[in-house]
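*Asks:* With the sequence up front, the predicted model follows.
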Amino acid sequence: MKTFEELGIAAPMLQAIREMGYEVPMPVQEEVIPLLLGNDNDVIALAQTGTGKTAAYGLPLLQKIDPSQTYPQALVLCPTRELCLQIAGDLNDYSKYLSGVQVLPVYGGSSIDSQIKTLRKGVHVVVATPGRLIDLLTRRTVDLSGIKNVVLDEADEMLNMGFTDSINAILAEVPLSRNMLLFSATMPQEIAKITKKYMRTPKEIVIGRKNEGNENIRHIYYMVHARDKYLALKRLVDFYPNVYGIVFCRTRKETQEIADKLIQDGYNADSLHGELSQGQRDYVMQKFRVRNLQLLVATDVAARGLDVDDLTHVFHYGLPDEPESYTHRSGRTGRAGKTGISISICHIKEKGKLRDISRIINKTFEKGALPTGKDICEKQLFNLVDQIEKVKVNEEEIASLMPSVFRKLEWLEKEDIIKRLIALEFNRMIDYYRDADEIEVVDESAGRHQAADRNDRNDRNAARYSFKAEDGYKRLSLNFGKADGMFAGQMIELINRCVPGKVQIGRIDLRDTCSFFEVEKGAAQRVMDRMNKFEVDGRTIAVDVVQEERNRKGRGAPKWDRQGEKPWQRASSGRTEYRKKKTSA
């Protein structure tokens, strides 16, 4: 194994990283640093979060900066404000002994005027979210013509968040002669398109295997009935007395409900989702980072880019639709060589999804047995005993108080004092689990038979639909269905609001989680282009062409991820809010 010095890192930064505790390079650093220190080396690096990737690209980027030239020479794009601030902070730490190097974080939710003022003074490295950087480019207040190195950090996350157009617009502003590094935990098809378009014979570095999860994470699942999911979560949290983790939920509504239940049951928990203001998000995250919160309940979108050390657990309160999302979720724990546990609380309908994720990330999921009330009380008791054994006693501070305490308790034997101490700490938990019913174990083999029956029904139902569009029409799919309150009237209203001009609409097929509609062939591309630029109450509209060849084989409609409540039925105003997608992060 090489040292940082052998990799070519200059003395000023060697001093800085030694003070930060860096001793030997991590695998991704050993691979990436020599390539980025050279010229004309485009690199694709597939690595999980927590593998040391910021230093892998940050150290060589900083080393190649010319401080005498006060214009942006390096650009780092990342998906979220939190990650933007973390990267900028790390780069400032690395450049502590580099005279005159200026790093500027550029992100939404903060004053654009102050960012413009700093840019005019002169900066060398810009760390930006795509939306805010587009705003600055539109105002012509940032010049990217001197960029020599571009980094796309968590590129798959940026694409998932809908930043594809922004990334294309930004990359069009940087010189063709620049070096480019793309970091991604997974390698979806959209990433391959970007690499083909913007990178020159890139060198690919894979730490682990493509789409594979962190080796330091245990993956455990618990199969329960849907009605018992919260009770199962509560038991698991109680079974790990020192848990410090994130509970991932699918929707904002579910996130808030689970956080409220945990708070009512006495846990240090709070929620993080898209309806919170930036100030509220910052407040919640600060509480979580300093461990005033034990559990953070969050949606995937809200938790993207979070960088919190030493998480012990990640809980999946429902599996995500995309394996890439699972990889990012579980990657929040087990970072920097530490171990972590990723726990999935599933119901029988998610068995197939669990199997798909296991295959794609190349990890075996352990089947867990929910702890009994006796197991939990015993675990909590021994944790208390450990705390008593390890507590530091300041003899001088309590010396004046102890005589009164001894006199007050002198009538009790040692055993009585210990029993009362335990009862004081555990009466509530003991009472709860004494009366609590055991959670019913789900028979997974029965689930397989039910799934087979359901698939048969799906095939029969699919056969009832003609997936071939009528003559002169093109069949399109939409990621809203009856479960979102979408019906024919709402479908027509949505198309009319998003697409200017007259559009001839044909047959409409409504499903639970998605819908299909037909428009005249000449208008199909215009309908897709216009509708895909809009969102409804914070949820992005996704319209695509249905491939008739695939659907004629009798396969069911694609499943869409429901990430919100019913946007068509807003009780507060009775109106639906249609707006163009925001481009700021």
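*Replies:* Structure received.
*Asks:* CA only for contacts and neighbour counts going forward, please
*Replies:* Fine.
*Asks:* quick one: the strands in the stretch 351-500 of the chain?
*Replies:* Along the stretch 351-500 of the chain, counting by DSSP state E, counting those that start in this stretch, strands occupy 366-367, 473-478.
*Asks:* Kindly export the longest one (C-alpha atoms) in PDB.
*Replies:* Backbone C-alpha positions of strand 473-478 (Å, rounded to 0.1, in the frame of the first residue of the first chain) are rendered in PDB as follows:
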ATOM      1  CA  TYR A 473     -52.500   7.800 -32.000                       C
ATOM      2  CA  LYS A 474     -49.500   7.200 -29.700                       C
ATOM      3  CA  ARG A 475     -49.900   5.600 -26.300                       C
ATOM      4  CA  LEU A 476     -48.200   7.300 -23.400                       C
ATOM      5  CA  SER A 477     -47.800   6.400 -19.700                       C
ATOM      6  CA  LEU A 478     -48.100   8.800 -16.700                       C
END
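*Asks:* list the helices and strands it packs on?
*Replies:* Judged by 3 or more Cα pairs under 8 Å, 6 or more residues apart in numbering; DSSP states H and E, the packing partners of strand 473-478 are strand 515-520, helix 521-531, strand 543-545.
*Asks:* Please name the residues that touch residue 76.
*Replies:* Residues near residue 76 by Cα atoms under 8 Å, 6 or more residues apart in numbering: 125-128, 150-153.
*Asks:* and it, what pLDDT?
*Replies:* pLDDT, residue 76: 95.
*Asks:* if I've got this straight, it is in a strand?
*Replies:* Yes. Assessed with DSSP: H, G, I helix; E, B strand; the rest coil, residue 76 lies in a strand.
*Asks:* hmm, back to that, same list (the contacts of residue 76) but as CSV, adding neighbour count and distance to residue 412.
*Replies:* Below are the contacts of residue 76 laid out as CSV (neighbours: other Cα atoms under 10 Å; distance: Cα to Cα, whole Å):
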residue, neighbour count, distance to residue 412
125, 26, 68
126, 26, 67
127, 25, 64
128, 27, 64
150, 22, 71
151, 23, 67
152, 19, 66
153, 25, 62
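*Asks:* Restricted to strands, list those residues.
*Replies:* Using DSSP state E to define strands, the subset of the contacts of residue 76 located there is 125-128, 150-152.
*Asks:* Between those, which sits nearest residue 143?
*Replies:* Nearest to residue 143 among the ones in strands among the contacts of residue 76, counting by Cα to Cα, is residue 126 at 10.7 Å.
*Asks:* and that closest one, what does it touch?
*Replies:* Residue 126 makes contact with 72, 74-76, 103-106, according to Cα under 8 Å, 6+ apart.
*Asks:* Of those, which is the nearest to residue 289?
*Replies:* Nearest member of those to residue 289, counting by Cα to Cα, is residue 105, at 20.3 Å.
*Asks:* The closest one: what secondary structure?
*Replies:* Using three-state DSSP, the structure places residue 105 in strand.
*Asks:* Relative to residue 44, how far out is the closest residue in space to it that isn't next to it in sequence?
*Replies:* Spatial nearest neighbour of residue 105, chain neighbours left out: residue 127 (4.7 Å); criterion: Cα to Cα, 6 or more residues apart in numbering. Distance of residue 127 to residue 44, given as Cα to Cα, to the nearest Å: 19 Å.
*Asks:* Check the separation of the first and last residues in stretch 397-412.
*Replies:* This stretch, stretch 397-412, spans 24 Å end to end (Cα to Cα).
*Asks:* Lowest pLDDT pick from the contacts of residue 76?
*Replies:* Out of the contacts of residue 76, that is residue 153, at 88.
*Asks:* hang on, isn't that residue packed against residue 83?
*Replies:* No. Residue 153 lies out of contact with residue 83 (Cα atoms under 8 Å); the separation is 9.2 Å.
*Asks:* what pLDDT does residue 305 get?
*Replies:* Reported pLDDT at residue 305 in the predicted model: 59.
*Asks:* wait, residue 574
*Replies:* According to the prediction, residue 574 has pLDDT 39.
*Asks:* for residue 420, same thing?
*Replies:* 85.
*Asks:* cool, and the one 5 residues further on?
*Replies:* In the predicted model, residue 425 carries a pLDDT score of 72.
*Asks:* And residue 165, by the same measure?
*Replies:* At residue 165, the pLDDT value in this model is 86.
*Asks:* That one: neighbour count?
*Replies:* 11 (other Cα atoms under 10 Å).
*Asks:* Tell me what the residue nearest to residue 105 is bridged to.
*Replies:* Legend: beta-bridge partners of residue 127 under DSSP bridges are residue 76, residue 105.
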